[in-house]
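give the three-dimensional model of this entry:
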Amino acid sequence: MFNQKLIIGRNMLKRTAKLPLLDIDVLRTFVAIADTGNFTQAAKNLAKTPAAVSLQIKKLERILESRLLRRSARYTELTAEGEVLLQYSRKLLHLNNEAVGQFLSPALTGTLTLGVPDNVGTHILPPVLAQLAQTHPALHVDVLISTSRDLAAKLDIGQLDLALITTGFDASDASGEIIHHEQLVWAERAGGLAHTRSPLPLALANQGCAWRGSAINALEASQINYRIAYTSENCAGIEAALTADLAISPMPASSVKPPLSQLSDQTCLPELPQFAIRLLVGDSANPAVDLLADYIRGHFS
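Okay, the predicted model is just below:
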C-alpha cells in the first residue's frame, strides 16, 4: 500500500512538473486589457506597443489552449475562460508584488488624503488605488471628490496631501505639474438632434470648471446662442442628459464612448481648446506621498 501511494505521488509530481509556468508580465498585460477594455489603452498604460500586447495575449491563449478575449471594433471583453483567468491573475500579481515588496519596497503605513474632480477620478482612481493596494497594503488613501477650485483651496490649507485639478492647458496662473493634456470635443448622443436646437442646450459642471469656461468662451466668441440646460458636478448626471438627447457637452476626446459620439466639424460648432490635468502636492511631502504621486504620473505616461 505504501509503495502504491508513493508511485501515485511521484506520477502526480511528474504531471505537475510538465505544466507550463505563467509569466507575470503577461498576466499583468492581460489584467490591463481587462481593466481598460482596450488593447491600445492597455499598451499605453504599460509602455508597450499594441503589437507586443497582442503577441503576449496570443502566447497566453496558446499556453492555456483557451480563447480569453473577444475583440470588437470598439471594445474588448472577456470570454468565460478569461473571467476565470482574471481572478487567478489578480491573485498572482498581488502575491508577486507582496513578495517583492517585502525586499525592495519600504514598509509604508498610514493614511493619505487625495482630492480629485469627479470627471477625472472615475477614470484614474481604480487602477491607481489597485496598484497601491497591491504593493503597499498597509497604506490607505482617503479620497475627496470635489471641484478643482475647492480641491486647490483645501490643499493650500493642509487638508489634502495631493490633488488633481483640471485647467486650461495654457493657463498661466495655474499651479502644479501638468501630467496630462488632451483635446476637448463636443459630445452628444450618437445620432442625436440636441446640437440642432436654438439656443444650443448645454450640460455643464458648475462654475469653476475649466471645461465649462472653455465651452462658454468658445460659443460666445463665435456668437452662438446657448442656454445652460443642465448642471451637475457628477459625470453621470451630465452623461444622462446627453444620452437622453437633451443637451451637448464638452468632454475629453478619449472619454466619448457609446452611446455618445463626438460631433463632427460639419455642425459648425467652434473648436474647443486642450485642457490639462495638474498634480498638486502639499507641503507635507513624504515617501508615501511621493509614491502615490509617482503612481498617478505613471498612469498617464
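
quick one, strands of the stretch 51-200 of the chain?
69-71, 76-78, 110-116, 139-145, 162-168, 177-189, 200-204 (DSSP state E, counting those that start in this stretch).

ok, now the stretch 201-301 of the chain?
Counting by DSSP E, counting those that start in this stretch, the stretch 201-301 of the chain has strands at residues 226-231, 249-252, 260-262, 274-281.

let's have the strands of the stretch 51-200 of the chain in a markdown table, adding mean neighbour count.
Placement of C-beta: from N, CA and C, glycine included. Below are the strands of the stretch 51-200 of the chain laid out as a markdown table (neighbours: other Cβ atoms under 10 Å):
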| stretch | mean neighbour count |
| --- | --- |
| strand 69-71 | 14 |
| strand 76-78 | 16 |
| strand 110-116 | 19 |
| strand 139-145 | 15 |
| strand 162-168 | 23 |
| strand 177-189 | 19 |
| strand 200-204 | 22 |
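
what does the longest helix seen in the chain rub up against?
Counting by DSSP state H, the longest helix found in the chain is helix 80-104. For helix 80-104, the external contacting residues (Cβ atoms under 8 Å, 6 or more residues apart in numbering) are 22, 24, 27-28, 30-31, 34, 64, 66-69, 78, 134-137.

now the buried members of these.
For those, a burial check counting by 16 or more other Cβ atoms under 10 Å picks out 22, 27-28, 30-31, 34, 68-69, 78, 134-136.

tell me which of the residues you listed has the lowest pLDDT.
Taking pLDDT as the measure, these have their low point at Q134 (76).

please name the nearest non-neighbouring residue to it.
Of all residues not flanking Q134 in the chain, N97 sits nearest, at 4.3 Å (Cβ to Cβ, 6 or more residues apart in numbering).

gap between the one you found and L112?
18 Å (Cβ to Cβ, to the nearest Å).

now P20, nearest residue through space, not along the chain?
In this structure, P20 finds its nearest non-sequential neighbour in I63, 5.1 Å apart by Cβ to Cβ, 6+ apart.

what's the neighbour count on the residue nearest to N119 when sequence neighbours are not counted?
The shortest distance from N119 to any non-neighbouring residue, by Cβ to Cβ, 6+ apart, is to C235 (5.2 Å). The local packing of C235 (other Cβ atoms under 10 Å) involves 19 other residues.

might one say that C235 is in contact with G121?
No - contact criterion Cβ atoms under 8 Å: C235 and G121 do not qualify, at 9.1 Å.

pLDDT score for R10?
At R10, the model reports a pLDDT of 51.

where does pLDDT dip in the stretch 51-200 of the chain?
For the stretch 51-200 of the chain, applying pLDDT under 70 flags the ranges 73-74, 101-102, 104-106, 172-173.

returning to what we had before: how many other residues sit next to the residue nearest to P20?
I63 has 14 neighbours, counted by other Cβ under 10 Å.

cheers, nothing more for now.
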